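1. Sequence plus predicted model, see below.
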Amino acid sequence: MAVLDLRKRKHAHAAKRLRDELIVWLTTVSRQGQPQSSPVWFFWDGDVFHLFSQPRRPKLRNISANPRVSLHLDGGSEGDDIVVFEGRAKIVRDGEPATSLPGYVRKYRRLIANYGWTPESFAADYAVPIVIRPTRVRVS
């Protein structure tokens with residue numbers, strides 16, 4: 001079930017931001033209960049978020065211990081245009097690399113090159129796929 005109802009103006013605006021914006025903040029929680037927010041690249045396919053992580057990162061340990069996460073886009077300068085998703089994350093061991101998602105590669109091609117990667121070398125460095133299925137969205 002899609003969490004965004006594109007008939008609603010604010011939801012349609014949130015969907016556009018998900019297509020256009022390059023960074024989303026992923027918040028996970030450590031075993032000790034400490035929230036950890038990380039800026040991450042993402043691809044929204046209309047149902048789930050696709051992220052890729054380097055191995056052995058704290059976010060992976062946190063998701064393994066507690067798959068409940070939140071994602072949020074930066075808000076406007078006056079505290080407006082807020083988009084927050086809550087959902088469940090799944091680490092996809094032996095999943096497909098970033099290069100298997102043409103939309104992801106298209107979205108980040110310029111940044112991948114700016115950082116000195118090729119799509120293939122990026123996919124090798126960020127080799128752990130994470131899929132997040134949102135269960136709730138808040139928009140303002």
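-> Received the coordinates, thanks. Since this is a predicted model, take the numbers as computed values, not measurements. Numbers count the residues shown, from 1 in each chain.
2. got a pLDDT number for Ser77?
-> If you check Ser77, the pLDDT there is 73.
3. center of the protein, which residue is that?
-> The C-alpha lying nearest the average C-alpha coordinate of the chain belongs to Phe42 (C-alpha atoms, centre = their mean; 4.0 Å).
4. wait, what's in contact with the residue sitting furthest away from the middle of the chain?
-> Centroid-distance maximum for the chain: Glu78 at 23.9 Å, with C-alpha atoms, centre = their mean. With contact set as C-beta atoms under 8 Å, 6 or more residues apart in numbering, Glu78 has no partners. Any C-beta I mention is one placed from the backbone N, CA and C, and that applies to glycine too.
5. Let me see the ranges of the helices in this structure.
-> Using DSSP state H, the helices of the chain run over 9-20, 58-65, 102-114, 119-125.
6. I'd like the ones you listed as JSON lines, with mean neighbour count appended.
-> Output for the helices of the chain, formatted as JSON lines (neighbours: other C-beta atoms under 10 Å):
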{"stretch": "helix 9-20", "mean neighbour count": "15"}
{"stretch": "helix 58-65", "mean neighbour count": "17"}
{"stretch": "helix 102-114", "mean neighbour count": "15"}
{"stretch": "helix 119-125", "mean neighbour count": "16"}
